[in-house]
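Student: A predicted structure for the sequence below; I have some questions about it.
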Amino acid sequence: MDVVKILKQDYQRFPVNQTYSIYAQDVYFKDPLNEFRGVERYKAMIGFIETWFIAPKMDLHDIRREGDTIKTEWTLSWNTPVPWKPRITIPGWSELRVNQQDIITSHVDYWKCSRLDVIKQHLFPTKNR
C-alpha cells in the first residue's frame, strides 16, 4: 500500500469517495475548528462537507514523506450555501503520522489564515476567488 499515492488520489476526489481504510480506527484529528478521535467521526466530518458545502475542492500543492510523517500543502475552497454563495478559500497544510503498517494515526490540519479571516470571506466576498 502506497499511502502517499492514495492520499494524492483522495485529494483529487475530495470530498467524494475517500479511502478511509488508510486511517486507524482511533485516528486523532485536529484542525482549527475540531479535535476528536475516531475514523467514524472523521467520515462524518467529510460527509458534512460533501452534503452541505457547494462545489468543495481540495487543491494539493505538495505532498512529501519524511520517515513516519507525511506533510501536505493544500488549498480548500467551497461555496457556502447562503443566498450570496461566497467562495471561501482556506490555504493550509497537514501533518499526518503513520505507523509501521502505513496506517494514518494522526491528522493535524493548520490554516494559513485565521478563523476570523474565514468569517470575513463570508461577509465581504470578492469576485476573484
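Tutor: Here it is on my side, so go on.

Student: Provide the backbone phi and psi angles at the residue sitting furthest away from the middle of the chain.
Tutor: With CA atoms, centre = their mean as the measure, the chain has its most outlying C-alpha, relative to the mean C-alpha position, at residue 83: 24.8 Å. The phi/psi pair for residue 83 (degrees, to the nearest 10) reads phi -50, psi -40.

Student: Give me the contacts around stretch 107-122.
Tutor: Outside stretch 107-122, the residues within contact range by CB atoms under 8 Å, 6 or more residues apart in numbering are 23, 27-33, 42, 80, 82, 86-96, 129. (C-beta placed from N, C-alpha, C; glycine too.)

Student: then it to PDB, C-alphas only?
Tutor: C-alpha atoms of stretch 107-122 as PDB (Å, rounded to 0.1, in the frame of the first residue of the first chain):
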ATOM      1  CA  HIS A 107      -4.000  14.000  11.000                       C
ATOM      2  CA  VAL A 108      -3.500  17.600  12.100                       C
ATOM      3  CA  ASP A 109      -4.500  20.500   9.800                       C
ATOM      4  CA  TYR A 110      -3.100  24.000  10.000                       C
ATOM      5  CA  TRP A 111      -4.600  27.100   8.300                       C
ATOM      6  CA  LYS A 112      -2.600  29.900   6.900                       C
ATOM      7  CA  CYS A 113      -5.400  32.200   7.800                       C
ATOM      8  CA  SER A 114      -7.400  32.800  11.000                       C
ATOM      9  CA  ARG A 115     -11.000  31.700  11.700                       C
ATOM     10  CA  LEU A 116     -11.900  35.500  11.600                       C
ATOM     11  CA  ASP A 117     -10.500  35.700   8.100                       C
ATOM     12  CA  VAL A 118     -12.800  32.800   7.100                       C
ATOM     13  CA  ILE A 119     -15.800  34.600   8.600                       C
ATOM     14  CA  LYS A 120     -14.800  37.800   6.800                       C
ATOM     15  CA  GLN A 121     -14.800  35.900   3.500                       C
ATOM     16  CA  HIS A 122     -18.500  35.100   4.100                       C
END
